[in-house]
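Engineer: Attaching a predicted model along with its sequence, questions to come.
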2 protein chains.
Amino acid sequence: MTTAPLLDRLHTQMAFVQEIDKLKRVLRRNTLMDGSRRENDAEHSWQLCMLALVLAEHAPPGVDLERVIAMLLIHDLVEIDAGDTFIYDPEAVLHQPERERAAADRIFGLLPDDQTAKFRALWDEFEARATPEAKFAKALDRLAPLLANHHTEGGTWALYKITADQVRRNAKIIEAGSPSLGAYATELIELSIKRGHLSEG
Amino acid sequence: MTTAPLLDRLHTQMAFVQEIDKLKRVLRRNTLMDGSRRENDAEHSWQLCMLALVLAEHAPPGVDLERVIAMLLIHDLVEIDAGDTFIYDPEAVLHQPERERAAADRIFGLLPDDQTAKFRALWDEFEARATPEAKFAKALDRLAPLLANHHTEGGTWALYKITADQVRRNAKIIEAGSPSLGAYATELIELSIKRGHLSEG
């Protein structure tokens, strides 16, 4: 049988589970790969984990894939409060860190203390982008919208008039986490330019 | 630089990534926890992984959480071809295994051979429910709709006139993967009956 303190702890964890269900209603700018509708943060997080599983061989040697996937699962939870920040919107990006830190305080704070500390440390690690795990996780996070835009004739690049140079700067984060995925990103960018879906601006 | 065979392999992996984006368009019967719309398989898979992270202490000792999460990430990919099967629809459940095996052949077959074998073995393990990892993963897969129904005044139980005994039989799969989560499921079921959201039938 479950004892009373364990049951209290489980109820606390379940309140967190209920709260984070809201991630399914946070919409991103990019669409699904078929362009049918905008993608939400929960399905985006699943996709990044799938990229991590499928592309694990593109991570630097010795990377702990379990920690990469844990980071990817929780990396966007702060957007329940802070909203999705479009990386090409300088105004929104400016106050993003403080908005997201406040969100992290509240949302991870719903967990039992030991788990608050553990999840917050994972999120801080992802944001700091200093470890190979965080760099690889961030690379996948930047690769995903590039794939979506590539498959939808320019997608948000075309919609928001993003230039090739902006996308190339962004792709440096992919290269920092995985040189081979960085090379692949460059290939996609050049192909998108050739097809007229991304312009030199 | 990426060599030609490695680049071929990456392109094969990326074709798989594009194909599985369709999981975001496979709808389940249950809704989000706020009842606002039906849940899709991709965001459901993300939620199960979050349950695994948060409720890891409810897994039997020694369970390999990385394998549990990998199973949960891929467990519903077969539904891209086979569709979501409502567990309380005996007709649909009857031909589910053959439909899903054919889907697994096709979808995992899109990957490079070594990964086809690896992903297929994980999915077979999940389906066979013989290892502690598969039992725990399946327990979470059964717990999630119970949470959704509990938070939406009976949800699909009310909609499809599912009885308490049917839900209790289903909850045995939760108990088989985690006795403490099984006890919690029983608690939710009894609470739902008391509130009039689930009937003895």
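Structural biologist: Sure, I can see it. A quick note: this is a predicted structure, and the numbers were derived from the prediction, not measured.
Engineer: For chain A, which strand extends over the most residues?
Structural biologist: The single longest strand within chain A, with elements called by DSSP state E, is strand A:27-31.
Engineer: Relative to the whole chain's centre, how far out is whichever helix or strand comes after it?
Structural biologist: In the C-terminal direction, the helix or strand that comes right after strand A:27-31 (DSSP states H and E) is strand A:38-40. The chain centroid and the centroid of strand A:38-40 are separated by 13 Å under Cα atoms, centre = their mean, to the nearest Å.
Engineer: what's the residue closest to the geometric middle of chain A?
Structural biologist: Most central in chain A under Cα atoms, centre = their mean is A:Asp141, positioned 4.2 Å from the mean C-alpha point.
Engineer: State the distance from A:Asp64 to chain B.
Structural biologist: Relative to chain B, A:Asp64 is positioned 9 Å away (Cβ to the nearest Cβ, to the nearest Å). In this view, the C-beta of every residue, glycine as well, is placed from N, C-alpha and C.
Engineer: Report how many residues lie close to that residue.
Structural biologist: By other Cβ atoms under 10 Å in any protein chain shown, the residues close to A:Asp64 number 14.
Engineer: give me every residue that touches it.
Structural biologist: The contact partners of A:Asp64, taken as Cβ atoms under 8 Å, 6 or more residues apart in numbering or on different chains, are A:Glu133.
Engineer: Quick one, grab the pLDDT at it.
Structural biologist: As predicted, A:Asp64 sits at a pLDDT of 98.
Engineer: Ramachandran coordinates for it?
Structural biologist: With angles defined as degrees, to the nearest 10, A:Asp64 sits at phi -90, psi 100.
Engineer: same question, the one 10 residues further on
Structural biologist: Main-chain torsions, A:Ile74, degrees, to the nearest 10: phi -100, psi -10.
Engineer: ok and the longest helix that chain A contains relative to strand A:27-31, angle-wise?
Structural biologist: Secondary structure assigned by DSSP state H gives helix A:132-151 as the longest helix of chain A. Inter-element angle recorded for helix A:132-151 and strand A:27-31: 50 degrees (by axes from the mean of the first three to the mean of the last three Cα atoms, to 10 degrees).
Engineer: and helix A:132-151, average pLDDT?
Structural biologist: Per-residue scores along helix A:132-151 average to 96.
Engineer: buried set for the lowest-mean-pLDDT helix or strand in chain A?
Structural biologist: Ranked by mean pLDDT, DSSP states H and E, the helix or strand of chain A with the weakest confidence is helix A:90-94, at a mean of 88. By neighbour count on 16 or more other Cβ atoms under 10 Å in any protein chain shown, the buried set for helix A:90-94 is empty.
Engineer: Go ahead and confirm the residue nearest to the centre of chain A touches A:Leu72.
Structural biologist: Yes: contact criterion Cβ atoms under 8 Å: A:Asp141 and A:Leu72 qualify, at 7.4 Å.
Engineer: intersection of neighbour lists for those two?
Structural biologist: What both A:Asp141 and A:Leu72 touch, as defined by Cβ under 8 Å, 6+ apart, is the set A:Leu48.
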